[in-house]
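A.B. asks: Dropping a prediction and its sequence here:
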Amino acid sequence: MFQGFTKESTDFLKDIRDNNNKEWFTENKKTYTEKVYEPLKELAGELFAPFSDTDGMMYKAARIYRDANFPPYLHYRDTLWIYVRYDAMYWSKTPTLFFEISPDGAEYGFRIAKPDAAVMERFRRQLTENPKEFLDIIEKLENEHKLVVSGEEYKRRKPCPVPEAERFFIKKGLTVSLTITCGRKLYSKSLAKNVSEIFNALIPLNDYFHNIVQNVENEKQEKPQEESTIAMVRAPQQEFMW
């Protein structure tokens, strides 16, 4: 059961940022295991529990070790995360419920970080055709749960026929989240409950984008079949025609 993070948890992440080497980490690995990784793993299990019966949903808690292709001086992460999402090859292209802890505090909410261009094109088309569905979801998240909308933006604004949706037309990706600093909220046992409540509130938004991604993927799978049908050579009526 999740017992909460402590000041030692965030202090360790700050220290690994300043001492990103194997010698320092080896000396302090016990602190990492007990104060960072174990609580993160316990929190991940509790956050995923409400989704465990949902087909295709999975979760993961990050470990501190970076991928081997990072430079030698960046062996270890100073920001660790949990994600809960539908299974997919590329997590950054998939709508994701996330929790991140860093030396500065924590952020948690919804993110589709780097979706395919086709996903955002379909999103804008859907937003134009039926703006109320999406805008009602966002309004509730902003007003009732105080979540903040952010995300990378296009350098050139795309024309938007729906004025109230204009701020979403310029998004390359979308994040809707809360940020808390180091302190009582982060170090409380009630963190799991608070994050779970936000995850639950974000289900409509997560499902909204999941459906868009699925529709785009289905279109990709259908397109080659259509092309192959058009290009197919008719079978000869008589053998000598070969």
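C.D. replies: Arrived safely.
A.B. asks: Name the nearest residue to the residue sitting nearest the centre point of the chain, ignoring sequence neighbours.
C.D. replies: In the chain, the C-alpha nearest the mean C-alpha coordinate belongs to Thr96, at 3.1 Å (Cα atoms, centre = their mean). Nearest residue to Thr96 in three dimensions, chain neighbours excluded: Arg85, at 4.2 Å (Cβ to Cβ, 6 or more residues apart in numbering). Quick note: C-beta positions are derived from backbone N, CA and C, even for glycine.
A.B. asks: go on, Arg111?
C.D. replies: Excluding the flanking residues, the one nearest Arg111 by Cβ to Cβ, 6+ apart is Thr175, at 4.5 Å.
A.B. asks: The one you found is in what secondary structure piece?
C.D. replies: strand 174-181 (DSSP states H and E).
A.B. asks: ok, and what's touching the helix or strand that comes right after that strand?
C.D. replies: Helices and strands here follow DSSP H and E; after strand 174-181, the next one along the chain is helix 191-201. When contacts are defined by Cβ atoms under 8 Å, 6 or more residues apart in numbering, helix 191-201 is touched by residues 2, 4-5, 43, 46-47, 50, 84, 97, 99, 106, 108-109, 140-141, 144-145, 147, 178, 185.
A.B. asks: Now do the same contact list for Tyr32.
C.D. replies: 12, 16, 25, 64.
A.B. asks: what secondary structure does it sit in?
C.D. replies: Tyr32 falls in the helix class when you classify it by DSSP: H, G, I helix; E, B strand; the rest coil.
A.B. asks: Could you do the one 4 residues further on as well?
C.D. replies: Here Val36 takes the helix state, with states given by three-state DSSP.
A.B. asks: go on, Arg122?
C.D. replies: helix.
A.B. asks: any idea how far Pro163 is from it?
C.D. replies: 21 Å (Cβ to Cβ, to the nearest Å).
A.B. asks: Do you have the strands of the protein handy? List them.
C.D. replies: With DSSP state E as the criterion, the chain has strands at 57-61, 80-86, 96-102, 105-112, 148-150, 174-181.
A.B. asks: Output those strands in a markdown table, with distance to Asp136 and mean pLDDT appended to each entry.
C.D. replies: Listed next are the strands of the chain as a markdown table, based on distance: least, Cβ to Cβ, whole Å; pLDDT from 0 to 100:
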| stretch | distance to Asp136 | mean pLDDT |
| --- | --- | --- |
| strand 57-61 | 24 | 94 |
| strand 80-86 | 23 | 95 |
| strand 96-102 | 20 | 97 |
| strand 105-112 | 16 | 97 |
| strand 148-150 | 14 | 97 |
| strand 174-181 | 14 | 97 |
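A.B. asks: how many other residues sit next to Pro161?
C.D. replies: By other Cβ atoms under 10 Å, the residues close to Pro161 number 11.
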